[in-house]
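**Q** Fold the following.
(one chain, ligands or ions: 2)
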Amino acid sequence: MIQQRLVNLYELMTTHCLDGIVVTKPESRQYFSGFAGSSGMLVISRQSQRLLTDFRYIEQAKQQAPLYQIVRHGAAIYDTLAETVKELGLARIGFESDFVTWEVYQKLSDCLGETELSPVKLDGLRIVKDHRELALLTKAVEIADSAFNQVLKMIRPGITELDIALELEYEMRKLGAEKPAFDTIVASGIRGALPHGLASSKVIEAGDFITIDFGAVFQGYHSDMTRTVVAGKATDKQREVYNIVLAAQLAGVKAVKAGKIGREVDQIARQVIADAGYSEYFGHGLGHGVGLFIHEEPRLSPSGDVKLAEGMVVSVEPGIYLPGWGGVRIEDLVVVSADGCTILTASSKDLIELG
Ligand code: ZN
Ligand code: ZN
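**A** Ligands and ions are numbered 1, 2, ... in the order given. This is a model prediction of the structure:
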């Protein structure tokens, strides 16, 4: 798996006329080496792959990155980097321009002397997920689904949004998650009009719509799902808004297919909401790629210009947010395939009326 990822990296090096790349972004480091420790640098050339890390991680690095020669650095990692680059005879190396700060760039350029530095972006190489990644993403989704179904049982008027978030995070950890994929969103009643309303101390009241948006991280891979449930019986208006969002979500999922452009899928779901008269209340993109980052390419949004390909993983999450009333969002993760997509999220999308 790592071998194939390196082959793809060599192709990028050829395109950019590079004879090496220094990888510093933690997610790239994990992707191209397997090493999941929190400190280190990769120096990659066609002849040799080196992983520079410190005393704390030597054993872990040996286990997780068998294709790499592990180089232990002391207090001065940049000196070790300079020696490594010199030893490998690299004249022109790439650095991750979307991660390296100005300060780090100065250090790189000071320590590398004659070696030419060239900006590259590596995230595009991770946009299509391989089998190993799909297995990890599936596991992250399963953890979130199971936690959700557990926590549904305790949701009732009188508890707070924070109670729900804490319980979800606790369940996910028990099921093997390293941590939540992001700060858990629980937005009830009129707070549901806040698309990113973090769980607060607000008490759930009878009749509240509750939007719950959360996910798990499993071996570095994120999941992301949203369900909106009612604490009690839904009103006609709640049912109406819910059904529009659900119709848009189903249309969006149906539109996902290899060859489609991100914005085309967004438009199909957006049109369902517009036709129902709520276009101004759906102010965000339909979805986003998910992987080692919670938000990555491709975007399903009015400006999403990436053509979908088999193996990409995206969220489909339309919503309607009515100020002073509340909101609804429904979100699944799906894997793009040649003839459509496979939905990873298994929780029911029927309107759930609790208690
Ligand atoms: Zn989400
Ligand atoms: Zn999302």
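**Q** How is this protein divided into domains?
**A** 2-126, 131-354 (automatic domain parsing).
**Q** possible to save those domains as a markdown table with mean neighbour count and mean pLDDT?
**A** (Each C-beta comes from the backbone N, C-alpha and C, glycine too.) Listed next are the domains of the chain as a markdown table, based on neighbours: other C-beta atoms under 10 Å; pLDDT from 0 to 100:
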| stretch | mean neighbour count | mean pLDDT |
| --- | --- | --- |
| domain 2-126 | 17 | 96 |
| domain 131-354 | 19 | 97 |
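**Q** Of all these, which one is nearest ligand 1?
**A** Of all the domains of the chain, domain 131-354 sits nearest to ligand 1, with 4.0 Å by C-beta to the ion.
**Q** what about that closest one, near ligand 1?
**A** Yes. Judged by C-beta under 5 Å from the ion, domain 131-354 comes into contact with ligand 1 through Asp213, Asp224, Thr226, Glu331.
**Q** helices and strands around the strand or helix carrying the first one, which ones?
**A** So that's Asp213. According to DSSP states H and E, Asp213 maps onto strand 209-214. Applying 3 or more C-beta pairs under 8 Å, 6 or more residues apart in numbering; DSSP states H and E, one finds that strand 209-214 makes contact with helix 131-151, helix 161-174, strand 185-188, strand 225-230, strand 326-329.
**Q** Okay, now the sheet partners of that strand, with direction.
**A** strand 185-188 (antiparallel), strand 225-230 (antiparallel) (DSSP bridges).
**Q** okay, the ones you listed in TSV with distance to Glu310 next?
**A** Converted to TSV, these look like this (distance: least, C-beta to C-beta, whole Å):
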stretch	distance to Glu310
strand 185-188	30
strand 225-230	22
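**Q** who wins for proximity to Ala91 among the ones you listed?
**A** Closest approach to Ala91 among the strands paired with strand 209-214 is made by strand 225-230 (47.6 Å; C-beta to C-beta).
**Q** ok so, going back, so for Glu240, which of the helices and strands packed on strand 209-214 sits nearest?
**A** That would be strand 326-329 among these, by C-beta to C-beta, at 10.1 Å.
**Q** still on that earlier bit, what's the first helix or strand after the strand holding Asp213?
**A** strand 216-218.
**Q** Identify the neighbouring strands of that following strand in the sheet and state each direction.
**A** Strand pairing (DSSP bridges) places strand 216-218 next to strand 179-180 (antiparallel), strand 221-222 (antiparallel).
**Q** CSV for those strands, including distance to Trp102?
**A** Shown next, in CSV, are the strands paired with strand 216-218 (distance: least, C-beta to C-beta, whole Å):
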stretch, distance to Trp102
strand 179-180, 30
strand 221-222, 29
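**Q** how about those, which one is nearest Lys62?
**A** strand 221-222 (23.0 Å).
**Q** does any part of that closest one sit near ligand 2?
**A** No. Strand 221-222 lies apart from ligand 2 when judged by C-beta under 5 Å from the ion; the minimum separation is 9.3 Å.
**Q** got it, and stretch 281-297?
**A** No. On the criterion C-beta under 5 Å from the ion, stretch 281-297 is out of touch with ligand 2, staying 5.8 Å away.
**Q** quick one: contacts for the most centrally placed residue in the chain?
**A** With distances taken as C-alpha atoms, centre = their mean, Ile294 lies nearest the centre of the chain, 2.1 Å away. By C-beta atoms under 8 Å, 6 or more residues apart in numbering, Ile294 lies in contact with Ala181, Phe182, Gly215, His222, Asp224.
**Q** I'd say Glu353 and Gly232 touch.
**A** Yes. Counting by C-beta atoms under 8 Å, Gly232 is a contact partner of Glu353 at 6.6 Å.
**Q** between the strands paired with strand 209-214, which gets nearest to Val100?
**A** That would be, of these and by C-beta to C-beta, strand 185-188, which comes in at 31.4 Å.
**Q** CA atoms of the closest one as PDB?
**A** The C-alpha trace of strand 185-188 is given here as PDB (Å, rounded to 0.1, in the frame of the first residue of the first chain):
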ATOM      1  CA  ILE A 185     -22.400  19.800  17.200                       C
ATOM      2  CA  VAL A 186     -25.700  19.500  19.100                       C
ATOM      3  CA  ALA A 187     -28.100  22.300  18.300                       C
ATOM      4  CA  SER A 188     -31.600  22.100  19.700                       C
END
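**Q** Alright, calling it a day.
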